[in-house]
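[1] Need a 3D model of the sequence below.
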Amino acid sequence: MRLLALTLAALAAPSIAAADPAAQKLASTRTTLLSDHLTIALPADMKVAARRTSVMAAESSSEDETRAVLDDGKARFVMMAYETYSLAGTDVKSAVEADLQRSGLKGPLDPLALPRPLVGFAVTPAPVSKDRDANLAYAAWIASGDGSVQFLAFYVNPDGAAQGAAWSALGKKIAATIAPGKRVLAGKAGARTLDELAITVPDAWVASTQPGPDFTVHHLRKLVVLGKDGPSCGVYVGHHPSPQHKQQDAKAKATVVAGKLLGAKVDWSTWSDGRWSTEAMAKHPNGSDKVHVFCSAPTEAELVELRRMAETLRKK
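    Reported below is the predicted structural model:
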């Protein structure tokens, strides 16, 4: 999995700096990650704070990622937990080793002693760099009992990087407390509820919801082997949908395919900018909202199945 770029926000008011970050005491109360797919013990002063790309954008979905922040003097330590929506397969270590190589990270892969059915591996960058707003201090891959993979990355800002080894040790200390949560990714074929709507999906498709200030985006992703590029769809519900094709490179010319969406005849725009995409819009059955469905896949042939899936969208 490619490490996601992370821009750290301005530092909060300074707190009393600890002599050794690794000596931070972990709270007795556990914190849920990824809508309770996992749980973890964080330092008492480390707070969960959803990431937002802009003031106009929706916060990231708690099902897709969890962000926690610890300010210690001028140092800022951030944990990002990601639902990769991928599968480890039968050989977890080999899958993680391949992902480690793709990520460009250096260092030995160490096993984590975690409660069953979890299987985990981690890497510690050495030394921790100081030239970025967010410098990776520790990273861990977790294979859950449902076969899916979660990825945790611990970052420190340049002011904290001078104690990089200690922040890495804190990340390792925190990761050692990971335990299974109650949430299981539903990957069986059948209906997925999207608030007032429902959609029927094939095997291995998972739904998550990203609420916005005046809109909602439902994400549908097919679980694929870690490192593979799989198909996905989004269902926007709100008043101001924005065609994705118009936001793309003007050189990517769209073709139009006739189809249906929510029982109405629609035109599906299709284009490629290295990855194939298709989208269409229709009125919501509630009479006030608009629905914008957008899908993408590695190949054009896969879009046929995605449009067929989208045409099952209906009022719940």
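[2] beta partners of the residue nearest to T255 when sequence neighbours are not counted?
    Closest residue to T255 apart from its sequence neighbours, by C-beta to C-beta, 6 or more residues apart in numbering: T270 at 5.2 Å. (Glycine included, C-beta is placed from N, CA and C.) With DSSP bridges as the criterion, T270 is bridged to T255, T278.
[3] How many residues are close by T270?
    Applying other C-beta atoms under 10 Å, we find 20 other residues in the vicinity of T270.
[4] For W268, identify the helix or strand it belongs to.
    strand 264-272 (DSSP states H and E).
[5] what does F151 give?
    strand 148-156.
[6] could you dump that strand to CSV, C-alpha only?
    Taking Å, rounded to 0.1, in the frame of the first residue of the first chain, the C-alpha atoms of strand 148-156 are listed here in CSV:
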residue,chain,number,x,y,z
SER,A,148,-8.8,-8.0,5.6
VAL,A,149,-5.7,-5.9,6.2
GLN,A,150,-5.3,-2.7,8.3
PHE,A,151,-2.3,-0.4,8.1
LEU,A,152,-1.1,1.8,11.0
ALA,A,153,1.5,4.5,10.5
PHE,A,154,3.0,6.7,13.2
TYR,A,155,4.5,10.1,12.2
VAL,A,156,6.4,12.8,14.0
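[7] Which parts of the protein belong to which domain?
    21-180, 190-315 (automatic domain parsing).
[8] Could you identify which of those is most buried?
    domain 21-180 (a mean of 18; mean count of other C-beta atoms under 10 Å).
[9] which residues of the stretch 1-150 of the chain score low on pLDDT?
    1-18, 53-57 (pLDDT under 70).
[10] all helices for the stretch 101-250 of the chain, in order.
    Assigned by DSSP state H, counting those that start in this stretch, the stretch 101-250 of the chain shows helices spanning 164-175.
[11] just the strands in it please.
    For the stretch 101-250 of the chain, the strands defined by DSSP state E, counting those that start in this stretch occupy 110-112, 119-123, 135-143, 148-156, 179-180, 190-194, 197-201, 205-211, 216-222, 224-225, 232-238.
[12] Report the distance from the first one to the chain centre.
    Remark: strand 110-112 is offset 23 Å from the chain centroid, using C-alpha atoms, centre = their mean, to the nearest Å.
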